[in-house]
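>>> please work out how this folds:
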Amino acid sequence: MSSTVKERDFHKAVSKGDYFEIRLKNQAGTGYDWYLEGMPSELMLNAISEERVSSDITGGSYMKVFGFLMKNDINKTSVSLKFRNIRVWELDKPIEVSNVIIPIKK
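Sure, this is the predicted structure:
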């Protein structure tokens with residue numbers, strides 16, 4: 001089973017063994033991009049992709065999509081992720097930080 005956790009909808013619980021996605025909105029052409037800070041041992045990063053929100057517009061918005069697989073052998077009730085929207089040449093100056101807590105279904 002798979003599920004999608006959208007921006008500002010991070011309360012959705014995920015079962016062990018499930019694939020899920022985190023989607024974070026971004027603006028093209030600014031130099032900023034979303035990066036995952038650290039990687040919890042309970043998850044496997046499966047894919048990172050981008051989906052355009054505004055078609056045919058230079059510098060339009062897009063969604064940065066992080067795909068994860070929840071491991072089966074965990075005993076926690078939730079997993080925390082931290083994403084930072086930064087420019088790679090200004091690592092200490094994020095314009096936005098998104099802390100995500102993913103509840104785990106029993």
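
>>> helix, strand, or coil at the residue nearest the centre of the chain?
Nearest to the geometric centre of the chain sits Ile22, at 3.6 Å (C-alpha atoms, centre = their mean). Under DSSP: H, G, I helix; E, B strand; the rest coil, Ile22 falls in the strand class.

>>> who's in contact with the closest residue to it other than its chain neighbours?
Spatial nearest neighbour of Ile22, excluding adjacent residues (C-beta to C-beta, 6 or more residues apart in numbering): Phe66 at 4.6 Å. C-betas here are computed from N, CA, C, even on glycine. Contacts for Phe66 (C-beta atoms under 8 Å, 6 or more residues apart in numbering) come out as Glu21, Ile22, Arg23, Leu24, Trp34, Leu36, Leu45, Ala47, Ile48, Phe83.

>>> again, only this time at 10 Å
Contacts for Phe66 were tallied using C-beta atoms under 10 Å, 6 or more residues apart in numbering; they are 5, 20-24, 34-36, 43, 45-49, 81, 83, 100.

>>> write the ChimeraX selection for whichever of those are buried.
In ChimeraX, this line selects whichever of these come out buried by 16 or more other C-beta atoms under 10 Å:
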select :5,20,21,22,23,24,34,35,36,43,81,83,100
